[in-house]
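A.B. asks: Fold the following for me, if possible:
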Amino acid sequence: MAKKLFSLVAAFALLFTACDTAEVGEIHAEKDTIDLDTVFQCTSVKYVIDKAVEGAKVTATSNVEWLHVNSVDEEACQILYCSEENTSSEVRTGTITIKYAGDTAKVTINQDGVAAAE
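C.D. replies: Numbering: from 1, shown residues only. Take a look at the predicted model:
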């Protein structure tokens, strides 16, 4: 009887242990979308980390050539980036992808085109 009870308790404990998931860090950008003028400019976007993971680092990349991620300032919780001048009349769009401990946040950057001459 004691052996059956022990087996039942062990199986029950294993069931709950197997369903336990580890917490992972979460990252959220302060803004989902940023609109920029046509000129060259450097600025930043802030982020917030929930459930910090020891040793995890924030990284950021751009998906277009005209938008450059300069640095990640982990103390100030911000991504520093520059956009090249847009000499086209077309609005252009790029994305900064911010990653942290398996989580991802994306910020869409829209840059105005040059106004047509009248």
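
A.B. asks: Check which strands are paired with the one helix or strand I98 maps to and give the direction for each one.
C.D. replies: Using DSSP states H and E, I98 maps to strand 92-100. According to DSSP bridges, strand 92-100 forms sheet pairs with strand 58-62 (antiparallel), strand 103-111 (antiparallel).

A.B. asks: Provide the contact partners of the shortest one at residue level.
C.D. replies: Surrounding strand 58-62, the residues in contact under the criterion Cβ atoms under 8 Å, 6 or more residues apart in numbering are 27, 47, 49, 68-69, 72, 74, 79, 81, 94-100. For the C-beta atoms, the positions are set from N, CA and C on the backbone; glycine is no exception.

A.B. asks: Stretch 82-91 now?
C.D. replies: Residues external to stretch 82-91 that are found in contact with it (Cβ under 8 Å, 6+ apart): 36, 38-43, 66-68, 70, 92, 94, 109-116.

A.B. asks: just to revisit the earlier point, output the strands paired with strand 92-100 in a markdown table; the columns should cover mean pLDDT and distance to D32.
C.D. replies: Conversion of these to a markdown table gives the following (pLDDT from 0 to 100; distance: least, Cβ to Cβ, whole Å):
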| stretch | mean pLDDT | distance to D32 |
| --- | --- | --- |
| strand 58-62 | 98 | 15 |
| strand 103-111 | 97 | 6 |
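
A.B. asks: Include mean neighbour count when you put these into CSV, please.
C.D. replies: Below are the strands paired with strand 92-100 laid out as CSV (neighbours: other Cβ atoms under 10 Å):
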stretch, mean neighbour count
strand 58-62, 17
strand 103-111, 17
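
A.B. asks: Going by neighbour count, list what's buried in the strand holding I98.
C.D. replies: 92, 94, 96-100 (16 or more other Cβ atoms under 10 Å).

A.B. asks: hey, where'd the helices end up in this protein?
C.D. replies: Using DSSP state H, the helices of the chain run over 2-19.

A.B. asks: gap between D32 and A115?
C.D. replies: The gap separating D32 from A115 is 26 Å, by Cβ to Cβ, to the nearest Å.

A.B. asks: coming back round to it: quick one: the strand holding I98 to chain centroid distance?
C.D. replies: 8 Å (Cα atoms, centre = their mean, to the nearest Å).
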